[in-house]
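K.L.:
My questions concern the predicted model and sequence given below.
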Amino acid sequence: MQVLQQKAKELLESGKVQVVIGYGEGTGERVRPLFVRTAEEVSKLVWDDRCRQNLAVYLNKPEIKKMGMPALIATPVVVHTVIQLIAEHQLKVDGVLTLVVENGSVKELFDTTSLEAYAESHPVIFPPFVKQEIKTIAEMSLHERFKFWQDEFSRCIKCYACRSACPLCYCERCITDNNQPQWISSASHAQGNFEWHVNRAMHLAGRCIQCGSCTIACPVGIPIGLLTIEASRIVGTEFGQQPGLKCDAVPAMSSFKVEDTETFIK
Amino acid sequence: MENTFEPKIVAFVCNWCTYAGADLTGTSRIKYATNVRIVRFPCTGRIDYNLLLKAFAQGADGVIVSGCHPNDCHYTSGNFHARRRWIVFRQMMEYMGFDMSRVKFSWVSAAEGAKWADIVNTTVQEIRDLGPSKEYAEMSRLGVV
Amino acid sequence: MSIQNKVVTHENLLNFLGEIIASGKELYAPQRKGLKTYFHPLNDVQTIVFDYIQTTLSPKSLLFPKVERLLSYTRDGKQIHVTDSSEQKQAPDRILFGSRPCDAAGLQTVTEFFRRDNPDAFIQRRQNALTIISVSCTKSNEYCFCTSVGISPGDTTGSDILLTPIENARYFVEAVTEKGSLLLAQYEKYFEKSEAITKEPHLVKVTKTFSSTEISERLTGSFDNPIWKDASLRCIGCGTCAYACPVCSCFDIQDEGTNKKGDRLRCWDSCGFSLFTLHTSGHNPRSTQSERWRQRVMHKFSYMPEQSGMLGCVGCGRCSMSCPADMNLKEQLLEIAAKVEDV
């Protein structure tokens, strides 16, 4: 924590960055996103196991962009996010200074090489309970799975916290906000909820870097991450592409290989 | 007892290959099942998976998606994009409990009139055996007070 | 309003609720799902949860559901038939059990909001058929601030019946309204007469941290205050706060149908969404998150009191608890009290 605060102070004082995006103490035991703009405020920064929310979501916000060059305090999965955003041309490589804490010191990741090297050596590891949930769903019958997801979606209130918390959901006008035509019903009835979650998973296929922010954000506890993780798993298995590793990767779902194979098209 | 259920099948086809192929089936006077309603698209690359879901929500019992063979796409690469999309969509739907055996995919060229008839007949029979699609359509009516 | 003094044992309370279910009424009570609690219709009173501070979502959906059909149409050639849902059969008789005093006050505000100016038949018929049995609070958490907005852990506002847990697994029962009295009278065998009991010692203490009148005064004229920008930096613009709130009543109308048949639906909407105020012309009067956050706070604490005399907040804390970015409303209000100059 100290080293992070020290680094933030140096960066702000030298004018290298204008804002440090990190975590601060929140309500009760929580942490919350923090935007430090002066050296005096760096003491508010915290760094511990509670810091899981993906802060890369703030990099594309107009209010944050206006502040100038940002430094982003990153967990390993946030580094993957930065790389994926660069690959999708939402971020310039020199548009953010990524800070990672390793072995008690702070490292600056400032270019393609350093970002990719860090991402390579820090693959996404699922916590045991996520692995178990994935296994449980895989072992269900088709009908059981339908009932399971219908039960989960029945609580969905279409608050779009999952969308808002996701750094990869950066569309200024989401598909569900269009009504010419209304592709996805914005109402939170069973069909509207199903369509929304299907579309979100499909739009994140091969792009979801598996940070779990959507699941954390959901106020009614739907395991949304399981959908987007599965979509990315399918893309990884079928097309051999993992998101968040290469800054010049071509997105899997907007490209193709003539040699793509399947067995279900007659 | 003979199964007399007549499924409603919606076919999303591309204009240049499958639609022309279906036309050929007709001009060749090949008789085939009449359960299919064809929706014409310029290319399979244009077919949105949401349309499949809407078809089932509105009472379809089965869906056929058909287009040009790989390398024969009128727009060069539309069907390649579509293929990737379907590969992911099918598995995603299975994961969410949606029965993808009700959706049939095929490549039917403009010269394959007989193949089109065969695809339709086989699909109608398979869907007839599966029975009416109830679960998704029923689910689609839930949740409104 | 006769507030009769009665007492009920926990066991008889469950018997009473069981008989209500048996009589064909719908009973909504707190149910556990994972780590969260929700109001859910139930058949087995043994599944009712009693050790919770707040449910995750408010009970406002019993009056103002997240999706409801306003009308439906069918077309038969040139004939168009429209069915107005409010003229349909009666709303089912419902009992809400386990709401907190803040929830009940919120339901009252929602009812009033949909009654003034243009009475809403849909909300009204549900409200007529709903009996609210609240349970006073013996616990609170850091998010609660009911006492700062004119409510308290043992408040009767908005409830038809209020139960306060007392010693020996019993509850002090107050029939607050005619509706409440009638219901108790129907099942009076479960309720014993009691002398008046002071609720105070049995309730949790929620310290008042600000004065809502003072906040409202300070907010007038703070439209251009820079406080909104910094406070809203971490807001991600979802609808969680508005949807979890027992009072928020903004809605969206969605028409869904084909040219043969369809529905007009009313759905929840949130002022936090970036497209909430987007005009057809493309102009958006609240195009930044700070403008939307300001709107949220001012609507609840300045515009609503000014226009209708009602405060738009009951201090339940759900918005802050559920917020993915920890936008804490109580904290913001305290900041306003401290930072915004006296008018």
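P.N.:
Received the coordinates, thanks.
K.L.:
Number of residues surrounding the residue nearest to residue C:130 when sequence neighbours are not counted?
P.N.:
Distance criterion C-beta to C-beta, 6 or more residues apart in numbering or on different chains; nearest residue to residue C:130, sequence neighbours excluded, is residue C:94 at 5.0 Å. C-beta: built from backbone N, CA, C; applies to glycine. Residues near residue C:94, counting by other C-beta atoms under 10 Å in any protein chain shown, number 18.
K.L.:
now swap in residue A:64 and tell me
P.N.:
Residues within reach of residue A:64, counting by other C-beta under 10 Å, total 17.
K.L.:
Contact partners for it?
P.N.:
Listed by C-beta atoms under 8 Å, 6 or more residues apart in numbering or on different chains, the contact partners of residue A:64 are A:19, A:21, A:35, A:58, A:70, C:233.
K.L.:
That one and residue B:112: what is the separation?
P.N.:
Taking C-beta to C-beta, to the nearest Å as the measure, residue A:64 falls 56 Å from residue B:112.
K.L.:
follow-up on the earlier one: so which of the contacts of residue A:64 is surrounded by the most neighbours?
P.N.:
For the contacts of residue A:64, the largest number of neighbours (other C-beta under 10 Å) sits with residue A:21, at 26 neighbours.
K.L.:
doesn't residue A:71 make contact with that one?
P.N.:
Yes - judged on C-beta atoms under 8 Å, residue A:21 makes contact with residue A:71 at a distance of 7.0 Å.
K.L.:
what's the most distant pair in the contacts of residue A:64?
P.N.:
The most widely separated members of these are A:70 and C:233, with 11.9 Å between them, by C-beta to C-beta.
K.L.:
how about the helices in chain B?
P.N.:
Assigned by DSSP state H, chain B shows helices spanning B:20-27, B:49-57, B:78-95, B:113-130, B:135-139.
K.L.:
meant to ask about the stretch 51-200 of chain A, not that
P.N.:
All helices of the stretch 51-200 of chain A, identified by DSSP state H, counting those that start in this stretch, fall at A:62-65, A:76-87, A:112-121, A:128-138, A:142-153, A:161-165, A:190-203.
K.L.:
For residue 53, give me its contacts.
P.N.:
This is for chain A. Shown in contact with residue A:53 (C-beta under 8 Å, 6+ apart): A:23, A:31, A:33, A:165, A:213, A:216, C:324-325.
K.L.:
that's the other chain; I wanted chain C
P.N.:
Contacts for residue C:53 were tallied using C-beta under 8 Å, 6+ apart; they are C:137, C:139-141, C:144.
K.L.:
Which of the contacts of residue A:64 sits closest to residue B:119?
P.N.:
For those, the residue nearest residue B:119 by C-beta to C-beta is residue A:58; the value is 50.4 Å.
K.L.:
Am I right that that closest one is in contact with residue C:234?
P.N.:
Yes - taking C-beta under 8 Å as the contact criterion, residue A:58 and residue C:234 are neighbours in contact, 7.5 Å apart.
K.L.:
Name the residues contacting each of these two.
P.N.:
Where contact means C-beta under 8 Å, 6+ apart, the residues bridging residue A:58 and residue C:234 through contact with each are A:33, A:35.
K.L.:
quick check: domain ranges of the chain?
P.N.:
Answering for chain A, as no chain was given. Taking automatic domain parsing as the reference, chain A has its domains at A:2-121, A:128-254.
K.L.:
You answered for a different chain; I wanted chain C.
P.N.:
For chain C, whose domains are defined here by automatic domain parsing, the residue ranges read C:5-202, C:212-339.
K.L.:
Switch those domains over to CSV; also include mean pLDDT.
P.N.:
Shown next, in CSV, are those (pLDDT from 0 to 100):
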stretch, mean pLDDT
domain C:5-202, 93
domain C:212-339, 93
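K.L.:
With residue A:149 as the reference, name the closest of these.
P.N.:
Taking the domains of chain C one by one with C-beta to C-beta, domain C:5-202 is closest: 14.8 Å.
K.L.:
how long is that closest one from one end to the other?
P.N.:
In domain C:5-202, first residue to last residue: 16 Å (C-alpha to C-alpha, to the nearest Å).
K.L.:
got the residues of the stretch 1-150 of chain C near chain B?
P.N.:
Residues of the stretch 1-150 of chain C lying close to chain B by C-beta under 8 Å from any C-beta of the partner chain are C:65, C:67-69.
K.L.:
List just the nearest of the residues you listed to residue C:211.
P.N.:
Nearest to residue C:211 out of the residues of the stretch 1-150 of chain C next to chain B is residue C:65 (C-beta to C-beta; 34.3 Å).
K.L.:
Quick one: low-confidence residue ranges for the stretch 151-266 of chain A.
P.N.:
Within the stretch 151-266 of chain A, not a single segment meets pLDDT under 70.
K.L.:
Can you name the residues that contact the closest residue to chain B within it?
P.N.:
Chain B sits closest to residue A:189 of the stretch 151-266 of chain A, with a gap of 3.4 Å, by C-beta to the nearest C-beta. Residues touching residue A:189, when contacts are defined by C-beta under 8 Å, 6+ apart, comprise B:142-144, C:67, C:265.
K.L.:
That one and residue B:139, how far apart?
P.N.:
Applying C-beta to C-beta, one obtains 10 Å for the distance of residue A:189 from residue B:139.
K.L.:
repeat for residue B:39
P.N.:
Residue B:39 is 23 Å from residue B:139, where distance means C-beta to C-beta.
K.L.:
Can you give the contact residues for stretch A:12-21?
P.N.:
Contacts for stretch A:12-21 (C-beta under 8 Å, 6+ apart): A:8, A:10-11, A:33-39, A:42, A:45, A:55, A:58-59, A:64, A:67-73, A:97, A:99.
K.L.:
same thing but at 6 Å, please
P.N.:
A:8, A:11, A:35-37, A:39, A:55, A:58, A:67-72, A:97 (C-beta atoms under 6 Å, 6 or more residues apart in numbering or on different chains).
K.L.:
coming back round to it: residue A:247: which of the domains of chain C is closest?
P.N.:
When these are ranked by distance to residue A:247, counting by C-beta to C-beta, first place goes to domain C:212-339 at 25.3 Å.
K.L.:
is the closest one up against chain B anywhere?
P.N.:
No - contact check for domain C:212-339 against chain B, using C-beta under 6 Å from any C-beta of the partner chain: none in range, with a minimum separation of 6.6 Å.
K.L.:
Now do the end-to-end distance for that domain.
P.N.:
First-to-last residue span, domain C:212-339, C-alpha to C-alpha: 15 Å.
K.L.:
Is it positioned near chain A?
P.N.:
Yes - Domain C:212-339 comes into contact with chain A when judged by C-beta under 6 Å from any C-beta, the residues involved being C:233-234, C:236-240, C:243-244, C:254, C:265, C:267, C:275, C:322, C:324-326, C:328.
K.L.:
Narrow those to those in helices?
P.N.:
In this view, those that belong to helices under DSSP H are C:240, C:243-244, C:322.
K.L.:
In terms of distance to chain B, which of those residues ranks first?
P.N.:
Minimum separation from chain B among these (C-beta to the nearest C-beta) is found for residue C:243, which lies at 15.1 Å.
K.L.:
mind listing what the closest one touches?
P.N.:
Residue C:243 touches A:157, A:159, C:268, counting by C-beta under 6 Å, 6+ apart.
K.L.:
Quick check: pLDDT value at the residue of chain B found nearest chain C.
P.N.:
Among residues of chain B, the one nearest chain C by C-beta to the nearest C-beta turns out to be residue B:145. It sits 4.1 Å away. According to the per-residue confidence, residue B:145 scores 83 in pLDDT.
K.L.:
just residue B:3 next, same as before
P.N.:
What the model reports as pLDDT for residue B:3 is 76.
K.L.:
Not counting sequence-adjacent ones, nearest residue to it?
P.N.:
On the basis of C-beta to C-beta, 6+ apart, the spatially nearest residue to residue B:3 that is not a chain neighbour turns out to be residue B:128, at 5.6 Å.
K.L.:
For the one you found, give its distance to residue B:97.
P.N.:
Note on residue B:128: its distance to residue B:97, by C-beta to C-beta, is 22 Å.
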